[in-house]
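> sequence plus predicted model, see below.
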Amino acid sequence: MTSPRRPAVRRRTAVLRREAVLATVPVAVAALLGAAGPAAAGTTGASGAGDPYFPLSGNGGYHVRHYGLALGYDTSSRHLDGKADLTARATQRLTRFDLDLKGLKVTGVTVDRATARFTRSGQELVVTPRHALREGQEFHVTVTYRGTPAPVTDPDGSADGWIPTDDGAFVAGEPQGAMTWFPANNHPTDKASYDFTLTVPEGRTAVANGVLLGRRTTHGRTTFRWRQSEPMAAYLATATVGKFDIERYTTRDGVQVYNAVDPREARAAAPVLKKLPSVLEWESGLFGPYPFRAAGSVVDHAPDVGYALETQSRPLYDSAPDLSTLVHENAHQWFGDSVSLTAWKDIWLNEGFATYAEWLYSEQHGGDSAQKTFDALYARPASNGLWAFPPGDPGSGANIFDTPVYARGAMTLHELRRAVGDKDFFRVLRAWAAEHRAGHGTTDRFVRLAERVSGKDLDGLFHTWLYTKGKPGRA
Ligand code: ARG
Ligand code: ZN
């Protein structure tokens, strides 16, 4: 229960690290050219959303309201044919704007049906519409593209994005990988609804987020139509393809569950997946109503991936999950998915919360108390990696999935609970999920909420646990 998923550690190799260093070069170039950051002058949309950990993730000058993604994937040649249809709104006058897309060949771009000029530069797809867009104007962009998608290597050394498997693809996108398979405003500040039309060889299943609208087979190919109607950050989108056993049902709360399980993982997954309705009910009891109309799981057989992801409405597992991982990824539906990050620096709002949900689950189901879990971690010596950096300030994108974020993040919540008492603590969690439902949060706002609900000054506590280097002393 106490060990967070640490894909980073397992996947770190010298080769991957070297790639990560090279990957920072375009960032430096963009900064020199003055193109990075949200405040780029004039009528050119910025090439980034202003996140210092991932300067080129996201873009400035517009928000996307909806993505319509039509993808065809040939599992044997690994060729992808894509058409993305974006509905967006300009937040400034725009003569030019960027989308994030890495790899693949773009064959055409239109803006409001008129052919638009485009260039590629690293992960930026730079679009020049025939007519400038007015501030506040709603516009449609279509991008047609094709090629062999490949994952990106994150600063922590793990693969992220479209990851081919022996029977399809494991498609995860945190923090950067969405741009490996569709053109996106690839930062969690920009959430949108999604429609997916996914065509794969007959016999394979393509699973995306939200509700399955229909499936249809013609000429040896099956098309799956999925709709994610509640707003979603691009990194939480999936279009995972494989040979899957399917299970569907509706919970007592009316949530539509769709589980897709690789038959090789079925036997190990079954006893855990059986608990999904009771886990969701338990989490709803603690955190407030489940935020989406759909739920479920994709259990793939992807032994090289090394992590699970809280893909919205339907977490994605690289192998049969254990119960605490199921609890963790579904807790993210409230903390991380419905309430999104504003900056990657605040990642403890996702991982600390989901980890603390594991501790609470254990405590309330006959396992260790959260206090016991806290104590076992606190006993680690000051030299232990747990204390390597404070969770509120991981320092760089390379650290966002490291132990301090998960474990010390959860310890921070436990300290809050001890300071304000159970009643106010659970009030804070529910208010957080309710007030920022389908929106965004920041650490500052969380601290202020906790102070408002409890009537206590909590600056010292959060300063110590979130921002102070080294192992905190005993209060
Ligand atoms: N958010 C995932 C979790 O629940 C971890 C994702 C790790 N991704 C990565 N690129 N290292 O723990
Ligand atoms: Zn997590």
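Cool, the structure landed. Ligands and ions are numbered 1, 2, ... in the order given.
> for S76, see how far away Y356 is.
To S76, Y356 is 44 Å away according to C-beta to C-beta, to the nearest Å. Every residue, glycine included, has its C-beta placed from N, CA and C.
> just give me the neighbour total for the residue of the stretch 251-400 of the chain found nearest ligand 1.
In the stretch 251-400 of the chain, the residue found nearest to ligand 1 is Y307; the distance is 4.3 Å by C-beta to the nearest ligand atom. If you count neighbours by other C-beta atoms under 10 Å, Y307 ends up with 21.
> what about Y356 and S76, which has more around it?
Y356 (27 against 6).
> touching, that one and H414? I think so.
Yes - in terms of C-beta atoms under 8 Å, Y356 counts as a neighbour of H414; the distance is 6.8 Å.
> rewinding a little: the residue of the stretch 251-400 of the chain closest to ligand 1 and G157 touch, don't they?
No - if you go by C-beta under 8 Å, Y307 and G157 don't touch, sitting 11.5 Å apart.
> which neighbours do the two share?
Residues touching both Y307 and G157 by C-beta atoms under 8 Å, 6 or more residues apart in numbering: none at all.
> what's next to stretch 271-282, contact-wise?
247, 251-253, 255, 257, 259, 261, 290, 295-297, 299, 320-323, 326-327, 330, 361, 364.
> tell me the buried residues in it?
For stretch 271-282, burial by neighbour count (16 or more other C-beta atoms under 10 Å) applies to 272-273, 276-277, 279-280, 282.
> what's the spacing between it and its chain's center?
22 Å (C-alpha atoms, centre = their mean, to the nearest Å).
> model confidence over that stretch, on average?
The average of the pLDDT scores along stretch 271-282 is 98.
> coming back round to it: which neighbours do Y356 and H414 share?
Common neighbours of Y356 and H414 (C-beta under 8 Å, 6+ apart) are A370.
> for the stretch 201-350 of the chain, which residues are neighbours of ligand 1?
307-310, 328-329 (C-beta under 6 Å from any ligand atom).
> those residues in helices, which ones?
328-329 (DSSP state H).
> which residues does T222 bridge with?
V200, T217 (DSSP bridges).
> shouldn't it be in contact with R216?
Yes - the criterion here is C-beta under 8 Å, and T222 meets it with R216 at 6.9 Å.
> thinking again about what came up before, out of the contacts of stretch 271-282, list just those in strands.
Within these, residues falling in strands by DSSP state E are 247, 257, 259, 261, 295-297, 299.
> do you know how far the closest residue to ligand 1 within the chain is from Y307?
Proximity of the chain to ligand 1 (C-beta to the nearest ligand atom) peaks at S158, 3.8 Å away. Per C-beta to C-beta, S158 is found 7 Å from Y307.
> then T148?
23 Å.
> quick check: next helix or strand after the helix or strand harbouring E351?
Assigned by DSSP states H and E, E351 belongs to helix 348-364. Per DSSP H and E, the first helix or strand lying C-terminal to helix 348-364 is helix 370-378.
> distance between that next one and the chain's centre?
The answer for helix 370-378 is 28 Å, by C-alpha atoms, centre = their mean.
> mean confidence score for the next helix or strand after it?
Counting by DSSP H and E, the next helix or strand C-terminal to helix 370-378 is helix 403. Taken as a whole, helix 403 carries a mean pLDDT of 98.
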